[in-house]
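Asks: Take a look and give me a structure for this.
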Amino acid sequence: MDFLQCLFGLKRAHKRLVSLSVDAVFLCLAFWTALLVRIDDVVVLANTHYWLLLFIVVPLSLAAFAKLGLYRAVLRYMGLQALTAIGVGVMFSTVSLVLFAFYIDAQIPRTVPIIYAAFSLVFIGGTRAVVRSMVGSGMKRIGEPVIIYGAGVSGRQLLSSLAQSHEYYPFAFVDDDESLHGTVIQGVHVHSPSIIRKLVKQKTATKILLAMPSAPRSRRQAILTQLEPLAVQILTLPAMADLVNGTKLYSDIKEVEIDDLLGRDSVAPRGDLLAANIRNKVVMVTGAGGSIGSELCRQILKQTPKKLVLFELSEFGLYAIERELNATAKELGLDVEIFPMMGSVQRENRVQAVMEAFEVQTVYHAAAYKHVPLVEHNVVEGVRNNIFGTLYTARAAIAAKVETFVLVSTDKAVRPTNVMGTTKRMAELILQALSAKEDHLTRFCMVRFGNVLGSSGSVVPLFRKQIANGGPVTVTHPEITRFFMTIPEASQLVIQAGAMGKGGDVFVLDMGKSVKIVDLASKMIRLSGFEVKDDTHPDGDIAIEFSGLRPGEKLYEELLIGDDVTGTEHERIMTANEVCLTWKELEAILDRLDKACHNFQHEVIRDILLTTPTGFNPTDGICDLVWVQRNNPDNTIVDDKVVPFVS
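Replies: Okay, here's the model as predicted:
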C-alpha cells in the first residue's frame, strides 16, 4: 500500500510513463504466454520473427491505447470509458498482430491471437481493476465511519467524492432496491434497510448520508421517520437542480432540510398564472427585504417584468436584496431594471410618488410587522404599520392607477387572539371595502397562509442553534401546533393566487397538515444525532423545556373563519367568503383608531379592535411596554428567557 501511495504521488506525466511501460511489458508477456500455452516449447523465444512482430505491434497498441484515452483516465476512479478503451485497444492490438504476422511471415498458430487477446485483457484490464479495488478498500479506511442511504447514481457519485477526502469513510450502502442487496459497489457492500441498526452499532457510525436528491419529499420523509429512532445524525445531498446546474457538488452534504421532515410535496407552479401579472409589467414589492418580500422578488425576477421596484424601510435589507437580484439578473442574462426605493408604507405621499413615477402596474404588499410578541409589546406601531400602512399603500395604488394589488396576509388573521393577527384581519377588511367601491380600477385581493420555513421568525434556526449549544430546546407549550410551508412555494402561490383574483377575494393556501412543535423539536434532536432527555430517557443528551405561551400566542392556527370555502382552478389555492364591511362603516372606525393611536390611548385601541368584526378574542391584557411602564412601573414585563416564538 505504501508503494501505491508513492505511485499516486508521482506527477501526472510520470504516471503516464509508468503506465506505458507496464502495458508494454504486459503485451509482451501476453504474446509469449499465448505462444507457450499453444506450442509448449521455450524454443519459440529464439524466433527472430516473433521479436520483430512484437517490435511492430507493441508500439502500435500503445499508440491506440493513448488515442482511446486510456492514459487520461485516473486509475483510482477508472470507469466505463477506461474499460471500453482497454477492450477496443486489445482488439486493435490483436488484429495488428494477425496482419503483421502475415506480412512478415511470422508463422503463428491460428489460436494464438485469441489466447493473446484474452491474456491482454486480463493483464491490462485486470491489474487495473485489482489496483483500483486495493485503493478503494485500503486507502479509504480513515475518517469518520458513515453509511450512505441510496446506492443509485447519486450514492455512487457521493462515494467517489468522499474518496477524495479523509473526512468520512463510507463503509456500507443501504438501499430499498432488493436487486442491489448483496452486491458490492466500488468495494462497498449494499445492505437492506432492515439491518441498518446493526450496521450503525457494528462500526459505531455517527452519521447517515441520504443520497436521494431526486426522491419525492414524501419518500424522504418516510425514510427519515425510519431513521429517526437511531439517534444518528442525518446529512443529505443538495437538491438535484443544484447538482445539475453546478451550484452544488456531491461532496456538499448538509443537514436535513426541515421541509423533508414535513413530507409534503410541492405542486409545480403554473407558468401562465405566474406570468399573468408580471411579465413585461412594472411590479412593486413592499417589504422587499423581508423573508417573504425577498422571495417574492426572486420569483418575480424569473418572470421577466419590465421593471421591478423594491420598496423597503430597512437600508441593509434593501441593499442586500438589490445586490442579490442584480447578480441573479446578470447571471441569467435577464434584461430587467431593478430600482431600490427606501421608504415607509406609513408615508402615503412617498408610496404614491414612487408608484406614479415608475407607472407601477402590480403591487405585492408584504410590508408588515409579523412577530406576535413584538407587536403585543408595541401596539401603536403594529396598528400604524399593519392597518394604516396597508390603507395608505392601497389608496396610493388607486391614485396611481395600479392594476392589481395583492396583500400577503396570515392565518393569524382568523379568530385572532393577538394584536398582530387582528391588524392583519383589519387590513383584509380595508381591501375588501375598497374593492367594493366603484370609483377606481384597481383589483384588490388577499392571500392568507401559515408559517414559512426559514423566515425571520421561524423556530427552525433557533432550534438548530439550541441543539448545537447542547440544549435545552425550548417550546412554549406541549400541545402547540402550526402549519408550515417553504418560502419559495408560498411566494409562488401568492403570485398565482393574485392572478386569479376578481376583486376583494380572500385566498387561502392549502398548508397540508398542522405540525406539533414538540414533535418537530424531537425529530430535529434525534436527526442531529442526539437522544431526547426526558423521564423515559434520563440519560439523554438534550432536554425539551416548556416555557408557557407568550402574550397573544395561540395553541392552534386556522386558515378559515367559517366553513364557506370554494376551490379554484389551482389545487392548492382556495377562496374564502368572509364577513366584510362597507367603506363607510370602516372609514368611521379607522378615523377613531387613528386618533386613539395619535394620543396613545391603548384602552380605546383595544376597545376598537374588540368591537370591529375581526373576531378578536385576546388571551392577555394590554401588553404594550409603554402602557405597562406608565400604568404599573414596578411590574414591567421582563422576558429573561430565550424562547423561540412560533410565528
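Asks: Counting neighbours, what do you get for the residue nearest to Pro488 when sequence neighbours are not counted?
Replies: The shortest distance from Pro488 to any non-neighbouring residue, by Cβ to Cβ, 6 or more residues apart in numbering, is to Glu295 (6.0 Å). Heads up, the C-betas are built off the backbone N, CA and C, glycines and all. Neighbour count of Glu295, defined by other Cβ atoms under 10 Å: 24.
Asks: where does Glu295 land in three-state SS?
Replies: Secondary structure assignment for Glu295 (DSSP: H, G, I helix; E, B strand; the rest coil): helix.
Asks: Might you report the residue contacts of it?
Replies: Contact analysis of Glu295 by Cβ atoms under 8 Å, 6 or more residues apart in numbering lists 487-488, 490-491.
Asks: Can you give me the buried ones in the longest helix anywhere in the chain?
Replies: With DSSP state H setting the assignment, residue counts place helix 12-39 as the longest helix in the chain. Going by neighbour count (16 or more other Cβ atoms under 10 Å), the buried part of helix 12-39 is 15, 19-20, 23, 26-27, 30-35, 38.
Asks: rewinding a little: could you identify the most distant pair in the contacts of Glu295?
Replies: Greatest spacing in the contacts of Glu295, by Cβ to Cβ: Pro488 and Ala490 (7.4 Å).
Asks: Distance across stretch 499-513, terminal residue to terminal residue?
Replies: Using Cα to Cα, to the nearest Å, the end-to-end distance of stretch 499-513 comes to 26 Å.
Asks: Next: stretch 102-122.
Replies: 25 Å.
Asks: re earlier: tabulate the CA atom coordinates of the helix or strand just after the longest helix of the chain in PDB.
Replies: Scanning forward in sequence from helix 12-39 by DSSP states H and E, the next helix or strand is helix 48-67. The C-alpha trace of helix 48-67 is given here as PDB (Å, rounded to 0.1, in the frame of the first residue of the first chain):
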ATOM      1  CA  THR A  48      13.500 -13.500 -34.500                       C
ATOM      2  CA  HIS A  49      10.300 -13.200 -36.500                       C
ATOM      3  CA  TYR A  50       8.300 -13.100 -33.200                       C
ATOM      4  CA  TRP A  51      10.600 -10.500 -31.700                       C
ATOM      5  CA  LEU A  52      10.200  -8.300 -34.900                       C
ATOM      6  CA  LEU A  53       6.400  -8.800 -34.700                       C
ATOM      7  CA  LEU A  54       6.400  -7.600 -31.100                       C
ATOM      8  CA  PHE A  55       8.600  -4.600 -32.100                       C
ATOM      9  CA  ILE A  56       5.900  -3.500 -34.500                       C
ATOM     10  CA  VAL A  57       2.700  -4.500 -32.600                       C
ATOM     11  CA  VAL A  58       3.500  -3.200 -29.100                       C
ATOM     12  CA  PRO A  59       4.200   0.500 -30.100                       C
ATOM     13  CA  LEU A  60       1.100   0.500 -32.300                       C
ATOM     14  CA  SER A  61      -1.000  -1.000 -29.500                       C
ATOM     15  CA  LEU A  62       0.300   1.600 -27.000                       C
ATOM     16  CA  ALA A  63      -0.500   4.400 -29.500                       C
ATOM     17  CA  ALA A  64      -4.000   3.000 -29.900                       C
ATOM     18  CA  PHE A  65      -4.500   2.900 -26.100                       C
ATOM     19  CA  ALA A  66      -3.300   6.500 -25.900                       C
ATOM     20  CA  LYS A  67      -5.600   7.600 -28.700                       C
END
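Asks: Need the contact partners of helix 48-67.
Replies: With contacts defined as Cβ under 8 Å, 6+ apart, helix 48-67 is touched by 20, 23-24, 27-28, 31, 35, 44, 71, 85-86, 88-90, 92-93, 96-97, 100-101, 104-108.
Asks: Pick the one among the contacts of Glu295 closest to Val283.
Replies: Distance to Val283, by Cβ to Cβ, is smallest for Ser491 among the contacts of Glu295, at 12.9 Å.
Asks: The closest one looks like it's in a strand, true?
Replies: No: according to three-state DSSP, Ser491 belongs to no strand; its state is helix.
Asks: contacting residues around it?
Replies: 292, 295-296, 298-299.
Asks: Repeat the analysis, applying 6 Å as the threshold.
Replies: By Cβ atoms under 6 Å, 6 or more residues apart in numbering, the contact set of Ser491 is 295-296, 299.
Asks: Please tell me how far it sits from Ile278.
Replies: For Ser491, the distance to Ile278 (Cβ to Cβ, to the nearest Å) stands at 12 Å.
Asks: can you give me the strands in the stretch 451-600 of the chain?
Replies: Along the stretch 451-600 of the chain, counting by DSSP state E, counting those that start in this stretch, strands occupy 451-453, 473-475, 481-482, 484-486, 505-509, 515-516, 532-533, 542-546, 565-567, 573-576.
Asks: what about the third one, average pLDDT?
Replies: Average pLDDT, strand 481-482: 79.
Asks: Same question for stretch 486-495.
Replies: For stretch 486-495, the mean per-residue pLDDT is 83.
Asks: now stretch 91-101
Replies: The model assigns stretch 91-101 a mean pLDDT of 87.
Asks: List the buried residues of that stretch.
Replies: Within stretch 91-101, the residues scored as buried using 16+ other Cβ under 10 Å are 92-94, 96-97, 100-101.
Asks: same deal with stretch 118-134?
Replies: The neighbour-count check on stretch 118-134 (16+ other Cβ under 10 Å) flags 118-121, 123-125, 128, 131-132 as buried.
Asks: Among those, which ones are in helices?
Replies: Checking these against DSSP H, those in helices are 118-120, 128, 131-132.
Asks: Setting the sequence-adjacent residues aside, check what's closest to Ala396.
Replies: Nearest non-adjacent residue to Ala396, counting by Cβ to Cβ, 6+ apart: Gln352, 3.7 Å away.
Asks: contacts for whatever helix or strand that neighbour lives in?
Replies: Using DSSP H and E, Gln352 sits in helix 348-358. Applying Cβ under 6 Å, 6+ apart, the external contacts of helix 348-358 come out as 282, 307, 309, 341, 343, 392-393, 396, 399-400.
Asks: what about the residue lying closest to Pro373 once chain neighbours are set aside, neighbour count?
Replies: Leaving aside its sequence neighbours, Pro373 sits nearest to Arg550 (Cβ to Cβ, 6+ apart; 4.9 Å). By other Cβ under 10 Å, 18 other residues sit near Arg550.
Asks: gap between Arg550 and Thr536?
Replies: According to Cβ to Cβ, Arg550 stands 28 Å off from Thr536.
Asks: got the domain boundaries for the protein?
Replies: According to automatic domain parsing, the chain is divided into the following domains: 2-137, 141-256, 271-450+484-508+558-635.
Asks: Have a look at the ones in helices among the buried residues of stretch 118-134 and tell me the least confident one.
Replies: Out of those, that is Arg132, at 65.
Asks: Ends of stretch 535-554, what's the gap?
Replies: Counting by Cα to Cα, you get 27 Å between the two ends of stretch 535-554.
Asks: Could I get the buried residue list for it?
Replies: Buried, per 16+ other Cβ under 10 Å, within stretch 535-554: 540-544, 547, 549-554.
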